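Visitor: Okay, sequence plus prediction incoming.
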Amino acid sequence: MPRKMAREPRTATTQTDPAADTTAASVHPEKNTKIALVRTLLGREEGATLAELTSATGWLAHTARAALTGLRKKGAVLEKSKRGDLTCYRIVDGGQ
């Protein structure tokens, strides 16, 4: 499904009452975000490489690194290790 631009006018099929929306996105908004996906990947035992983060989110490498910085600023403790020649990142405290 194509994403809508922020300034696109609403159509008749767009719901105007957020309380009436019962989709999974409204029930658990944190579950359907890219940063939630990043947290899931980083929470795995083996962690995630930058390439895995970029392919899962569709972000460029600098955006994925900025997300890691944002997680650190929010209190997550990230561990860096090597998986062969690749740097691997992992949340060691479960994050916040």
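Guide: Looks like it arrived, so ask away.
Visitor: so where do the strands sit in this protein?
Guide: 48-49, 78-83, 86-91 (DSSP state E).
Visitor: so where's this protein uncertain?
Guide: 1-30, 94-96 (pLDDT under 70).
Visitor: hmm, back to that, highest mean neighbour count across the strands of the chain, which stretch is it?
Guide: Among the strands of the chain, ranked by average contacts under mean count of other Cβ atoms under 10 Å, first place goes to strand 48-49 (a mean of 21). (Glycine included, C-beta is placed from N, CA and C.)
Visitor: what pairs with that one, and is each one parallel or antiparallel?
Guide: strand 86-91 (antiparallel) (DSSP bridges).
Visitor: who touches the strand it pairs with?
Guide: Strand 86-91 has contacts (Cβ atoms under 8 Å, 6 or more residues apart in numbering) with 39, 42-51, 53, 68, 71, 76-82.
Visitor: Dump the strands of the chain into CSV; add distance to Leu60 as well.
Guide: CSV is the format used below for the strands of the chain (distance: least, Cβ to Cβ, whole Å):
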stretch, distance to Leu60
strand 48-49, 15
strand 78-83, 19
strand 86-91, 16
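Visitor: Next one: Asp93 from Asp85, what distance?
Guide: 27 Å (Cβ to Cβ, to the nearest Å).
Visitor: longest helix anywhere in this protein?
Guide: helix 61-73 (DSSP state H).
Visitor: Which one of Asp93 and Asp85 is surrounded by more residues?
Guide: Asp93 (10 against 5; other Cβ atoms under 10 Å).
Visitor: Next up, the contacts around the more buried one.
Guide: If you count contacts by Cβ under 8 Å, 6+ apart, then Asp93 has 76-77 around it.
Visitor: Please report phi then psi for the residue nearest to Arg90 when sequence neighbours are not counted.
Guide: With sequence-adjacent residues excluded and distances taken as Cβ to Cβ, 6 or more residues apart in numbering, Arg90 is closest to Gly47, at 3.1 Å. Main-chain dihedrals, Gly47, degrees, to the nearest 10: phi 70, psi -150.
Visitor: check contacts around Gly47.
Guide: Per Cβ under 8 Å, 6+ apart, neighbours of Gly47: 41, 79, 81, 83, 88-91.
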